[in-house]
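Visitor: mind folding the following:
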Amino acid sequence: MKQLLEVLGFLALVQGVAGLVTEFTDWDWGFVQRLGFLDGYEVYASIALLVLGGALFSAAESRKSG
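Guide: Here you go, the predicted structure:
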């Protein structure tokens, strides 16, 4: 379970960073920009993914290994 939380946290962090990089540069990558219902809210969604990633890492650290 700990490894699953770490993987999900890593993916959330990567997608959050990708969303912010896409907003402030001309690069076109990341999952947030592909969702039509988030038009105009991409920065907020990316920040939410960063926070979610941090929360998942914190939850993974609180779990016992094994």
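Visitor: could you pull out the helices in the protein for me?
Guide: For the chain, applying DSSP state H gives helices covering 2-24, 42-62.
Visitor: chain neighbours aside, what residue packs nearest to the residue nearest in space to the middle of the chain?
Guide: By C-alpha atoms, centre = their mean, the chain has its centre lying nearest to residue 12, at 2.4 Å. Spatial nearest neighbour of residue 12, chain neighbours left out: residue 53 (3.6 Å); criterion: C-beta to C-beta, 6 or more residues apart in numbering. Every C-beta, even on glycine, is put in place using the N, C-alpha and C of the backbone.
Visitor: near that neighbour, how many other residues are there?
Guide: 20 (other C-beta atoms under 10 Å).
Visitor: now residue 17
Guide: Counted with other C-beta under 10 Å, residue 17 comes out at 15.
Visitor: got a pLDDT number for the closest residue to it other than its chain neighbours?
Guide: Ranked by C-beta to C-beta, 6+ apart and with sequence neighbours excluded, the top spatial neighbour of residue 17 is residue 50, at 7.2 Å. As predicted, residue 50 sits at a pLDDT of 96.
Visitor: mind listing what residue 50 touches?
Guide: Neighbour list for residue 50: 12-13, 16-17, 20 [criterion: C-beta atoms under 8 Å, 6 or more residues apart in numbering].
Visitor: can you add pLDDT and distance to residue 1 and give those back as JSON lines?
Guide: Shown next, in JSON lines, are these (pLDDT from 0 to 100; distance: C-beta to C-beta, whole Å):
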{"residue": "12", "pLDDT": "96", "distance to residue 1": "16"}
{"residue": "13", "pLDDT": "96", "distance to residue 1": "19"}
{"residue": "16", "pLDDT": "95", "distance to residue 1": "22"}
{"residue": "17", "pLDDT": "95", "distance to residue 1": "25"}
{"residue": "20", "pLDDT": "93", "distance to residue 1": "29"}
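Visitor: reformat these as CSV; add distance to residue 28.
Guide: Formatted as CSV, the contacts of residue 50 follow (distance: C-beta to C-beta, whole Å):
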residue, distance to residue 28
12, 20
13, 20
16, 16
17, 15
20, 14
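Visitor: just those now: which is nearest residue 4?
Guide: Proximity of the contacts of residue 50 to residue 4 (C-beta to C-beta) peaks at residue 12, which lies at 12.5 Å.
Visitor: having no further points to raise, I will conclude here.
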